[in-house]
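Engineer: just to be clear, the model below is a prediction. Sequence and coordinates:
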Amino acid sequence: MAKTLLNSEDPQSIFDIRGYLNPDVVFLRLLPVIKASKVLRLCESEDLSWMLLASALRSPSNSITEIDVEDHHIMEKHTILL
């Protein structure tokens, strides 16, 4: 699925992880798509997702310019991982 999304002619400008039942699995499987997105919309996730996000933000191929977090308390809790 990640390869298909990356090769599509319409690049993913916004990736909304809130629409998935298990956001941690989405992070693991679609990390290349997430890194190619310009806006990332997050919900509450486990520490693993936040560590993967931190890794994606350090990557030279990262295109993320904005992170929209559903609950700002979540962002405060995980900022140290970023």
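Structural biologist: Received, thanks. Numbering: from 1, shown residues only.

Engineer: make it CA atoms for all contacts and neighbour counts henceforth
Structural biologist: Fine.

Engineer: spell out the secondary structure type for residue 61.
Structural biologist: coil (DSSP: H, G, I helix; E, B strand; the rest coil).

Engineer: my guess is residue 35 contacts residue 54. True?
Structural biologist: No - applying CA atoms under 8 Å, one finds residue 35 not in contact with residue 54, separated by 10.7 Å.

Engineer: settle it for me: which of the two has more neighbours?
Structural biologist: Counted by other CA atoms under 10 Å, residue 35 and residue 54 do not tie: residue 35 has more neighbours, with 22 against 15.

Engineer: which residues touch that one?
Structural biologist: Residues counted as contacts of residue 35 (CA atoms under 8 Å, 6 or more residues apart in numbering) are 56-57, 61-64.

Engineer: residue 37: neighbour count?
Structural biologist: Using other CA under 10 Å: residue 37 sits among 21 other residues.

Engineer: for residue 49, see how far away it is.
Structural biologist: Distance, residue 37 to residue 49, using CA to CA, to the nearest Å: 16 Å.

Engineer: and the helices in this structure?
Structural biologist: For the chain, the helices defined by DSSP state H occupy 2-7, 23-36, 47-58, 72-78.

Engineer: still on that earlier bit, are any of the contacts of residue 35 buried, and which?
Structural biologist: Buried members of these, counted by 16 or more other CA atoms under 10 Å: 56-57, 62-64.

Engineer: with distance to residue 24 added, can I get the residues you listed in CSV?
Structural biologist: Shown next, in CSV, are those (distance: CA to CA, whole Å):
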residue, distance to residue 24
56, 14
57, 16
62, 19
63, 20
64, 18
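
Engineer: what is the nearest of these to residue 21?
Structural biologist: residue 56 (21.2 Å; CA to CA).

Engineer: ok, the closest one to residue 46 distance?
Structural biologist: For residue 56, the distance to residue 46 - CA to CA - is 16 Å.

Engineer: can you list the buried residues in stretch 14-34?
Structural biologist: 14-18, 23-24, 26-27, 30-34.

Engineer: how about those in JSON lines, adding distance to residue 68?
Structural biologist: Output for those, formatted as JSON lines (distance: CA to CA, whole Å):
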{"residue": "14", "distance to residue 68": "10"}
{"residue": "15", "distance to residue 68": "10"}
{"residue": "16", "distance to residue 68": "9"}
{"residue": "17", "distance to residue 68": "10"}
{"residue": "18", "distance to residue 68": "10"}
{"residue": "23", "distance to residue 68": "14"}
{"residue": "24", "distance to residue 68": "17"}
{"residue": "26", "distance to residue 68": "17"}
{"residue": "27", "distance to residue 68": "15"}
{"residue": "30", "distance to residue 68": "18"}
{"residue": "31", "distance to residue 68": "17"}
{"residue": "32", "distance to residue 68": "18"}
{"residue": "33", "distance to residue 68": "16"}
{"residue": "34", "distance to residue 68": "13"}
